[in-house]
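Q: pasting the structure only:
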């Protein structure tokens with residue numbers, strides 16, 4: 001009898017550990033439909049169950065549901081969904097400026113949240129999320145998938161091991177090509193009100209990587225930024241690519257019909273909400289910069305030089321850590337008009353080899369899956385029980401807040417010409433007594 005009881009208890013514990021998390025997908029753009037929809041169900045179906053889809057554009061919601069391969073009920077607003085479905089988790093993939101309302105509503109309903117980056121777009125919205133998480137005791141995960149890319153993880157291991165001694169400065173330069181970079185200026189991202197600018201929407205990834213790599217908080221930010229290629233700087237403009245008289249002379253013309261995925265998800269649904277996926281990149285009311293440089297100083301006295309360019313012939317980034325004992329250097333190739341091996345090569349360069357190699361080349365192959373395998377590893381961390389987080393890759397609200405604050409500070413500095421202190425933006429977070437660390441917080 002005792003053995004049977006032990007067996008039953010063991011089975012009950014096992015079944016509980018394998019209990020699926022019932023999640024609702026909020027927003028069915030590209031990222032929601034693929035990363036957190038079709039791909040999540042394909043690879044993690046034993047851990048999750050899609051219980052609802054929320055999309056205010058009903059036709060886009062229907063088409064996304066078909067692409068995902070789900071029969072989950074569709075809702076046009078989150079309140080109706082929460083009242084009827086009561087999921088364990090919501091995944092937020094809506095435009096950046098709407099995140100806070102959805103996150104707070106879910107938390108106050110006793111539901112955990114995964115939000116796409118950036119966590120939100122303003123200091124006031126950050127406060128709302130942090131306060132709601134603290135009041136409710138629920139958890140918010142921020143989707144910082146770059147932390148999980150194998151090359152990023154290897155660099156973090158080298159830094160943690162002290163291979164180059166104490167880090168003193170970082171050179172970090174990110175390049176978006178004319179396909180990827182231009183796409184931000186076709187869409188809702190092109191307006192500060194929606195995205196907080198690319199300092200927030202795109203660079204939040206990069207600022208978070210810096211915060212995580214350095215295991216410290218940024219203190220002061222100064223920057224320059226300008227609109228040099230898109231928007232009012234364009235030679236001509238039209239209502240949208242599909243109706244533009246300049247299609248044969250415009251280098252940025254997007255043929256939406258040539259991409260069945262985008263065409264299905266956006267073209268017919270645009271009749272409902274008026275949102276065109278092929279907006280003109282030269283719209284005169286675009287109000288975000290396309291060329292950005294930033295300097296940051298960290299609490300641990302590391303100085304960083306960062307830049308983001310959005311109309312290059314190449315895609316990828318340069319990254320170098322300068323330390324008291326050497327340098328870690330990476331040139332990551334994502335797209336360029338020549339062939340490169342499907343791998344990254346990290347250079348570990350020692351000041352004083354002392355019997356070791358002066359230059360050690362560490363090759364990291366590119367893995368399948370988004371962000372060279374980073375997306376898969378992040379989903380494993382969140383959904384698979386007992387996954388070890390030895391590199392503190394799982395990101396919570398504090399990490400989400402600090403990366404957004406970097407972007408807000410950079411945009412403010414570029415407009416005022418002043419050095420912006422993070423403590424002036426949000427003193428309660430900058431002075432919350434935390435160590436120089438951005439490890440996951442509840």
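A: Great, that's in hand. Small disclaimer: the values here were computed from a predicted structure and weren't measured. Numbering: from 1, shown residues only.
Q: where do the strands of the stretch 101-250 of the chain begin and end?
A: Ranges of strands within the stretch 101-250 of the chain are 112-115, 140-142, 167-177, 218-226, based on DSSP state E, counting those that start in this stretch.
Q: which of those is buried the deepest?
A: Mean neighbour counts were compared across the strands of the stretch 101-250 of the chain using mean count of other C-beta atoms under 10 Å; the top stretch is strand 140-142, at a mean of 25. Backbone N, C-alpha and C define where each C-beta goes, glycine included.
Q: so residue 238 touches residue 245, yeah?
A: Yes - assessed by C-beta atoms under 8 Å, residue 238 is found in contact with residue 245 at 6.1 Å.
Q: picking up where we left off before, show me the one of the strands of the stretch 101-250 of the chain that comes nearest residue 382.
A: strand 140-142 (5.9 Å; C-beta to C-beta).
Q: each with direction, which strands does the closest one pair with?
A: strand 112-115 (parallel) (DSSP bridges).
Q: am I right that residue 50 is in a strand?
A: Yes - under the criterion used here (DSSP: H, G, I helix; E, B strand; the rest coil), residue 50 sits inside a strand.
Q: quick one: contacts for it?
A: By C-beta atoms under 8 Å, 6 or more residues apart in numbering, the contact set of residue 50 is 23, 24, 25, 37, 40, 41, 68, 70, 72.
Q: among those, which lie within strands?
A: Among those, the members falling in strands (DSSP state E) are 23, 24, 25.
Q: compare residue 238 and residue 245 (neighbour count), which wins?
A: residue 238 (17 against 10; other C-beta atoms under 10 Å).
Q: excluding its backbone neighbours, what's nearest the more buried one?
A: residue 244 (3.0 Å; C-beta to C-beta, 6 or more residues apart in numbering).
Q: for stretch 64-76, give the mean pLDDT please.
A: Stretch 64-76 carries an average pLDDT of 98.
Q: could you list the buried residues of that stretch?
A: Buried residues in stretch 64-76, counted by 16 or more other C-beta atoms under 10 Å: 64, 65, 67, 68, 70, 72, 74, 75.
Q: what's the answer for stretch 311-321, then?
A: Neighbour-count burial for stretch 311-321, counted by 16+ other C-beta under 10 Å, picks out 311, 312, 314, 315, 316, 317, 319, 320, 321.
Q: from those residues, which is closest to residue 284?
A: Closest to residue 284, out of all of the buried residues of stretch 311-321 and judged by C-beta to C-beta, is residue 311, at 17.7 Å.
Q: thought residue 362 was touching residue 153?
A: No - using C-beta under 8 Å, residue 362 is not in contact with residue 153, being 11.8 Å away.
Q: one step back: neighbours around the residue nearest to residue 238, how many?
A: When counting by other C-beta under 10 Å, one arrives at 19 neighbours for residue 244.
Q: residues contacting it?
A: Counted by C-beta under 8 Å, 6+ apart, residue 244 has contacts 238, 250, 253, 280.
Q: circling back: compare the strands of the stretch 101-250 of the chain and give me the one nearest residue 404.
A: For the strands of the stretch 101-250 of the chain, the distance to residue 404 is smallest for strand 140-142, at 9.5 Å, taking C-beta to C-beta.
Q: I'd say residue 230 and residue 311 touch.
A: Yes - at 7.5 Å, residue 230 and residue 311 qualify as touching, with contact defined as C-beta under 8 Å.
Q: so what's residue 114 up against?
A: Residue 114 is in contact with 36, 89, 90, 91, 92, 140, 141, 142, 143, 382, counting by C-beta under 8 Å, 6+ apart.
Q: what's the angle between the biggest helix by length in the chain and strand 218-226?
A: Taking DSSP state H as the criterion, the chain has its longest helix at helix 397-416. In terms of direction (axes from the mean of the first three to the mean of the last three C-alpha atoms, to 10 degrees), helix 397-416 departs from strand 218-226 by 40 degrees.
Q: what is the helix or strand that helix 397-416 is followed by packed up against?
A: Downstream of helix 397-416, the first helix or strand assigned by DSSP states H and E is strand 420-421. Judged by 3 or more C-beta pairs under 8 Å, 6 or more residues apart in numbering; DSSP states H and E, strand 420-421 is in contact with strand 218-226, helix 397-416.
Q: could you pull out the helices for the stretch 1-150 of the chain?
A: Counting by DSSP state H, counting those that start in this stretch, one finds helices in the stretch 1-150 of the chain at the ranges 2-17, 30-33, 39-44, 58-68, 78-85, 99-108, 123-136, 150-160.
Q: any chance of those helices in JSON lines, plus distance to residue 346?
A: Below are the helices of the stretch 1-150 of the chain laid out as JSON lines (distance: least, C-beta to C-beta, whole Å):
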{"stretch": "helix 2-17", "distance to residue 346": "37"}
{"stretch": "helix 30-33", "distance to residue 346": "28"}
{"stretch": "helix 39-44", "distance to residue 346": "28"}
{"stretch": "helix 58-68", "distance to residue 346": "37"}
{"stretch": "helix 78-85", "distance to residue 346": "43"}
{"stretch": "helix 99-108", "distance to residue 346": "34"}
{"stretch": "helix 123-136", "distance to residue 346": "34"}
{"stretch": "helix 150-160", "distance to residue 346": "6"}
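Q: which stretch in the ones you listed is the model least sure about?
A: Across these, helix 2-17 has the smallest mean pLDDT, namely a mean of 40.
Q: distance of the residue nearest the centre of the chain relative to residue 255?
A: In the chain, the centroid-proximal residue (C-alpha atoms, centre = their mean) is residue 117; its distance is 3.8 Å. For residue 117, the distance to residue 255 equals 29 Å [C-beta to C-beta, to the nearest Å].
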